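Peer 1: The sequence and its predicted three-dimensional model are supplied below.
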Amino acid sequence: MKKICIRFAVTCLTLFILTGCDVLKGLPTNTTGGVFSLNGNWQMQSSSDNNALVGTTITVYPIAGDGTITTLQNNTYCVRANDVLWKSITANNGSFTISNLVNSCNSSIVYKAATLTVITNNEVRLSGATAAGTQLLQTWQRVVK
């Protein structure tokens, strides 16, 4: 009985690892300039929307493919720590498309389509729209620990 339980546990662990590897392979990390990964911590350096959220830090998680807020600054969008700021990240011919959280005030969460363009390995530029529909440009820098 003990051997059967051990074999079952090893089989389950092997399947979990193999499935996890397939998920990791499907993550959006390739761009036209070579291999690039959004995974890790990013801090907003500038925003065309009256510097809303400048200084805010997010973490992009490899399994979920979302960017979750870890620290907040200049919070005029009423977002909360642990909110998903970038969701549904997908690779798109050398850039990434995302749904960008632009407002969470008055109990209405508003996401707008946006594009992340890779500037360098440690900088991306977001181009999208505000909740009001005006152009939104943000610069994000990778937080290197």
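Peer 2: Here it is on my side, so go on.

Peer 1: Quick one: low-confidence residue ranges for this protein.
Peer 2: 1-34 (pLDDT under 70).

Peer 1: all strands of it, in order?
Peer 2: Using DSSP state E, the strands of the chain run over 30-31, 34-35, 40-47, 57-60, 67-71, 84-92, 95-103, 110-120, 123-129, 135-142.

Peer 1: For Gln135, list the residues it contacts.
Peer 2: Ser48, Ser127, Ala129 (Cβ atoms under 8 Å, 6 or more residues apart in numbering). Every residue, glycine included, has its C-beta placed from N, CA and C.

Peer 1: quick one: which of those is nearest Gly40?
Peer 2: Nearest to Gly40 among these is Ser127, at 21.0 Å by Cβ to Cβ.

Peer 1: What number of residues are in the vicinity of that closest one?
Peer 2: Per other Cβ atoms under 10 Å, the neighbour tally for Ser127 reads 15.

Peer 1: Among the strands of the chain, which comes closest to Cys78?
Peer 2: Set against Cys78 and scored by Cβ to Cβ, the strands of the chain come closest in strand 95-103, at 6.8 Å.

Peer 1: Could you please name the strands the closest one pairs with and the direction of each pair?
Peer 2: Strand pairing for strand 95-103, using DSSP bridges, gives strand 84-92 (antiparallel), strand 110-120 (antiparallel).

Peer 1: coming back round to it: could you dump the strands of the chain to CSV with distance to Cys78?
Peer 2: Output for the strands of the chain, formatted as CSV (distance: least, Cβ to Cβ, whole Å):
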stretch, distance to Cys78
strand 30-31, 32
strand 34-35, 36
strand 40-47, 15
strand 57-60, 16
strand 67-71, 12
strand 84-92, 13
strand 95-103, 7
strand 110-120, 10
strand 123-129, 17
strand 135-142, 16
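
Peer 1: so which of those gets nearest Tyr77?
Peer 2: Per Cβ to Cβ, nearest to Tyr77 of those: strand 95-103, 5.3 Å.

Peer 1: how far is the closest one from where the chain is centred?
Peer 2: With Cα atoms, centre = their mean, to the nearest Å as the basis, strand 95-103 stands 8 Å off its chain's centre.
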